[in-house]
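# A structural model of the following input is requested.
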Amino acid sequence: MKAARWHKARDIRIDDIEEPTPGEGQVKIKVAWTGICGSDLHEYVAGPIFVPVDTPHPVSGEKAPIVMGHEFAGEVVEIGQGVTRVKVGDRVAVEPILACGECDACRHGKYNLCETLGFHGLSGGGGGFAPYTVVGERWVHRLPDGLSMEQGALVEPAAVALHAVRVSKIKAGDTAAVFGAGPIGLLVVEALRAAGASQILVVEPSKERSDKAVDLGATRAIDPTQDDPVETIRSLTDGGVDVAFEVTGVPDVLPQCIEATQYEGETVIVSIWEKDAAFQPNTVVLQERSIKGTIGYRDVYPATLDLMTRGFFPADKLVTRKIALDDIVEKGFEALVAEKSQIKILVDPSA
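Numbering: from 1, shown residues only. Below you'll find the model as predicted:
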C-alpha cells in the first residue's frame, strides 16, 4: 500500500509499504481522513522533533523513515485476539499516544507525560497517511452516530485544545487571550467558549484567520502589526487577562503573552518550539504570575466527542481543503507553509 513517510526535513515521500495486520489487543483501521497537524509541519520544515532518527523509538521500535499522520478517523476492519471494546464496522477516532506504561508518570495515569512519549504517526508504529494502520485497542474511541469522518479527524487537535484549557486555571467568567489563530489556536477559542470565558481576545496578523477566530466566538481579534497587543489587551481587560495561551511557537510572542496577563495571571504554552525563547523573569516575579506548559492530552477524548455532538469544534468551519495522498507535499505541506488562509487540510489516504 502507499504511505507518506518522513525521511528528513523537506523530504516526505510516497512509498510502497506492506499492509499491516493486527496482533493481540490491536485494531486494524481503514483510514478515512487524516489531518495535517502543526506538529507534522514542524517535522517537515525543521525536524526531527518527535521523529526518531538515530535510534528506534523505545515504544514503537522504529526509526525514520516513518509513516506520518496522527490526526485521523476511520473504520475498524479487523481486530486482534482479545479485543472487546470495538468490533469490525465501528467508526473510530484514534488517540495516537505511544507511552511506555511503566514510568512514574504512566503509573500515575499521566500517560501524556511519559518519559518516552511518542505519537503514532510521528514516532513510528504506522500512521494515518496510509490506507490502513494498526493501533492498540486502548487508543480507539467510537464516533457518535451524528459525527462525520471529517469531524472525527479533528478529534485529536480538538483534544489538544481542550486539554490546554482544562489544565489552565480558567474559570467561567474569566478573561483569556489566545496568541495565534492557526488550527490549534482556533480550537482553543472553541474550548474557551465551552469553558465559559467572558472575553476571548485573539492576537493574529492574518486577516483570514482573525476573521475565522471571531466567527468561532472570539470577542475581538488584534492585529499585532497594527496595534501593540499587550497594551491593547490590558486596556480592554482592566489590566490584563486571567490566562493567556501561547499557540505560535514564535520566540518574540512569549514575553507578550506573559505581559498581557494581570497580576497572578497565567500563561499556558501550547506550542512545540523550534528555537529558544527568552523573557525577563521579573515580569513573572514582581506580579506573581505563573507559566505552565501542556503537551497533547489525556483522558479528554470522551469529553471532546461530547462537545462535538453539541456543535463545538465544527469541521465545516475549520477544514479548508481536502486532498489525495499523492498531493500531500505540494497541496498539503507546502500550501500550509505559504498560505495563511489554510486552516485544516485533510488527506484521503486511499485516493
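
# domains in the chain, as residue ranges please.
As assigned by automatic domain parsing, the chain contains the domains 2-154+313-348, 159-293.

# Distance to A303 added to these, as TSV?
C-beta: built from backbone N, CA, C; applies to glycine. Output for these, formatted as TSV (distance: least, C-beta to C-beta, whole Å):
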stretch	distance to A303
domain 2-154+313-348	11
domain 159-293	6
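
# Out of those, which gets nearest to L307?
The closest of those to L307 is domain 159-293. By C-beta to C-beta, the value is 5.7 Å.

# start to end distance for that closest one?
15 Å (C-alpha to C-alpha, to the nearest Å).

# follow-up on the earlier one: adding mean pLDDT and distance to L305, write the domains of the chain out as a markdown table.
Below are those laid out as a markdown table (pLDDT from 0 to 100; distance: least, C-beta to C-beta, whole Å):
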| stretch | mean pLDDT | distance to L305 |
| --- | --- | --- |
| domain 2-154+313-348 | 97 | 6 |
| domain 159-293 | 97 | 9 |
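
# between those domains, which one is nearest to Y301?
domain 2-154+313-348 (4.7 Å).

# Any idea how far that closest one is from the middle of the chain?
11 Å (C-alpha atoms, centre = their mean, to the nearest Å).

# What distance separates the opening and closing residues of that domain?
OK, domain 2-154+313-348 end separation, C-alpha to C-alpha: 12 Å.

# now stretch 141-151
End-to-end distance for stretch 141-151, by C-alpha to C-alpha: 13 Å.

# contacts for that stretch?
Stretch 141-151 is contacted from outside by 32-33, 73-74, 86, 90-95, 152, 155, 301-302, 305, 308-309, 313-315, 319, 322, 346, using C-beta atoms under 8 Å, 6 or more residues apart in numbering.

# Would you reformat the domains of the chain as a markdown table and include mean neighbour count?
A markdown table is the format used below for those (neighbours: other C-beta atoms under 10 Å):
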| stretch | mean neighbour count |
| --- | --- |
| domain 2-154+313-348 | 19 |
| domain 159-293 | 20 |
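
# check contacts around K344.
35-36, 154, 157, 183, 315, 318-320.

# and if we set it to 10 Å?
K344 makes contact with 35-37, 71, 150, 153-154, 157, 182-183, 186-187, 315, 317-322, 336, according to C-beta atoms under 10 Å, 6 or more residues apart in numbering.

# close enough to count as contact, I49 and L117?
No - in this structure I49 lies outside contact range of L117 using C-beta atoms under 10 Å: 11.9 Å.

# Among the contacts of stretch 141-151, which lie within helices?
Mapping the contacts of stretch 141-151 onto helices (DSSP state H) picks out 152, 155, 301-302, 305, 308-309, 315.

# And the residue nearest the centre of this structure?
P157 (3.4 Å; C-alpha atoms, centre = their mean).

# In three-state terms, label V214 for me.
Here V214 takes the helix state, with states given by DSSP: H, G, I helix; E, B strand; the rest coil.

# so what's the residue of the chain most remote from its centre up against?
In the chain, counting by C-alpha atoms, centre = their mean, L286 sits farthest out from the average C-alpha position, at 32.9 Å. Counting by C-beta under 10 Å, 6+ apart, L286 touches 263, 280.

# Can you show me the helices along the stretch 251-351 of the chain?
Under the criterion DSSP state H, counting those that start in this stretch, the stretch 251-351 of the chain contains helices at 253-259, 282-285, 301-309, 315-318, 334-338.

# contact partners of the first one?
In this structure, residues lying in contact with helix 253-259 by C-beta under 10 Å, 6+ apart are 177-180, 203, 224, 228-231, 233-234, 240-241, 243-248, 250, 265-269, 271, 273, 277-281, 283-284, 287, 289-291.

# CA atoms of it as CSV?
In CSV, the C-alpha atoms belonging to helix 253-259 read as follows (Å, rounded to 0.1, in the frame of the first residue of the first chain):
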residue,chain,number,x,y,z
VAL,A,253,5.5,36.2,21.3
LEU,A,254,6.2,34.5,24.6
PRO,A,255,7.0,37.7,26.6
GLN,A,256,3.9,39.4,25.1
CYS,A,257,1.8,36.6,26.4
ILE,A,258,3.2,36.9,29.9
GLU,A,259,2.9,40.7,30.0
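
# now that helix: how far from the chain's centre is it?
How far helix 253-259 lies from its chain's middle: 21 Å, per C-alpha atoms, centre = their mean.

# again, but for the third one
A distance of 15 Å separates the C-alpha centroid of helix 301-309 from that of its chain, computed with C-alpha atoms, centre = their mean.

# buried sites along it?
The neighbour-count check on helix 301-309 (16 or more other C-beta atoms under 10 Å) flags 301, 303-305, 307-308 as buried.

# With pLDDT as extra columns, can I get those in CSV?
Shown next, in CSV, are the buried residues of helix 301-309 (pLDDT from 0 to 100):
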residue, pLDDT
Y301, 98
A303, 98
T304, 98
L305, 98
L307, 98
M308, 98
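
# That concludes my questions; thank you for your assistance.
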